[in-house]
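Visitor: Provided below for reference: sequence and predicted model.
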Amino acid sequence: MSGPVLLTGAAGRIGTWLRGGLPERGWAVRCLDVVPVADVRPGEEHLVADVADLAAMVDATEGASAVVHMAGISGESTWPAIRHSNIDGTYCALEAARLSGVPRVVLASSNHATGYTPRPAEGLLTEADAPPRPDTYYGVAKATMEALGSLYVDRYGLDVVCLRIGSAFPEPTSTRQLSTWLSPADTVALVDAALKAPSPGFSVVWGVSDNTRRWWDLTAARALGYEPADDAEVYAEALIEAHGEPDLTDPVHARVGGEYTTAAFDAEHFTA
Ligand code: 15L
């Protein structure tokens, strides 16, 4: 495949991991963020633009082989802020890809698109068992992202892979994250697989490491070619000593979205 991958949200946490990891896997990366990247690396191409600016996004996607769309607010916020960055931003990423003839878009969805989904009594939860059931405005934007992705596949024939990312942090910091952690290396492996999978059409997969305590099924992600290497269990002893054994009846552990489904995430807690 010729042409660089346009990486939106390149200055963010996941964007920074991908700027390191994708070139190691052979991808040329064109970086875009609304703020300049602090530590520009040799050979990197950089653009500063708002992802919700369609004209700028059309310019940015010109000649790209794929878009990896990581930009957006990374948690709950006010409706206007979410609508601008996360809903308009996703529309512009997809529409710019269509207008520029970019055949594939990888979207950073989230477990919060399905946050009110209960943990299954036993076994693993597949993506098909978790249709959109958002827990926040943030989750609504991620459910909208998946719906927009589906539209651009059916109507315009793009390939769109939605990654329902769990907890993408350097290491797990809570007992919930013993189940939901997606390590930096596995984040790169998952995006690489989403870029390489032959003709995925429309695909929605959980983004989680191979955690001993995970309850999200990885069959669909593995079918794309994802081979996770990490397991949060190495952090279990320390986290359980600090926080106690997880209470599986607590919404934080009993629902996909964890704390996002609790009253602490009611709208009045978020102001402009
Ligand atoms: C997400 O989607 C957020 O971006 C991140 O900040 C965490 O809240 C994560 O989900 C999670 O569920 O742990």
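Guide: The structure has been received and is ready for your questions. Given the structure is predicted, the values throughout are model-derived calculations rather than measurements.
Visitor: ok, now which ones touch the residue positioned nearest the centre of the chain?
Guide: What sits nearest the mean C-alpha location of the chain, by C-alpha atoms, centre = their mean, is residue 108, with 2.6 Å. By C-beta atoms under 8 Å, 6 or more residues apart in numbering, the contact set of residue 108 is 9, 14, 69, 70, 72, 145, 163, 165. (Glycine included, C-beta is placed from N, CA and C.)
Visitor: In terms of helices and strands, where is it?
Guide: strand 104-110 (DSSP states H and E).
Visitor: that older thread, what's the farthest-apart pair in the contacts of residue 108?
Guide: 14 and 145 (14.7 Å; C-beta to C-beta).
Visitor: quick one: which of the two has more around it?
Guide: Between residue 14 and residue 145, counting by other C-beta atoms under 10 Å, residue 145 is the more crowded of the two (27 against 24).
Visitor: Tell me where this protein has strands.
Guide: Along the chain, counting by DSSP state E, strands occupy 5-8, 29-33, 45-48, 66-69, 104-110, 159-165, 167-168, 181-182, 202-207.
Visitor: average model confidence for the second one?
Guide: To tie it back to what came earlier, the one meant is strand 29-33. The pLDDT scores in strand 29-33 average 97.
Visitor: before we move on, what about the fourth one?
Guide: Per-region confidence: strand 66-69 scores 99 on mean pLDDT.
Visitor: ok, now the last one?
Guide: Per-region confidence: strand 202-207 scores 98 on mean pLDDT.
Visitor: What helices and strands are in contact with that strand?
Guide: Secondary-structure packing of strand 202-207 (3 or more C-beta pairs under 8 Å, 6 or more residues apart in numbering; DSSP states H and E): helix 137-156, strand 159-165, helix 184-196, helix 219-224.
Visitor: so which of those comes closest to residue 58?
Guide: Across those, the minimum distance to residue 58, taken as C-beta to C-beta, is reached by helix 137-156, at 14.8 Å.
Visitor: Any buried residues in that closest one, and which?
Guide: Counting neighbours by 16 or more other C-beta atoms under 10 Å, one finds that the buried residues in helix 137-156 are 137-146, 148-149, 152-153.
Visitor: List just the nearest of those to residue 255.
Guide: Nearest to residue 255, judged by C-beta to C-beta, of those is residue 139 at 11.4 Å.
Visitor: residues contacting the closest one?
Guide: Contact analysis of residue 139 by C-beta under 8 Å, 6+ apart lists 110, 112, 113, 114, 115, 257, 260.
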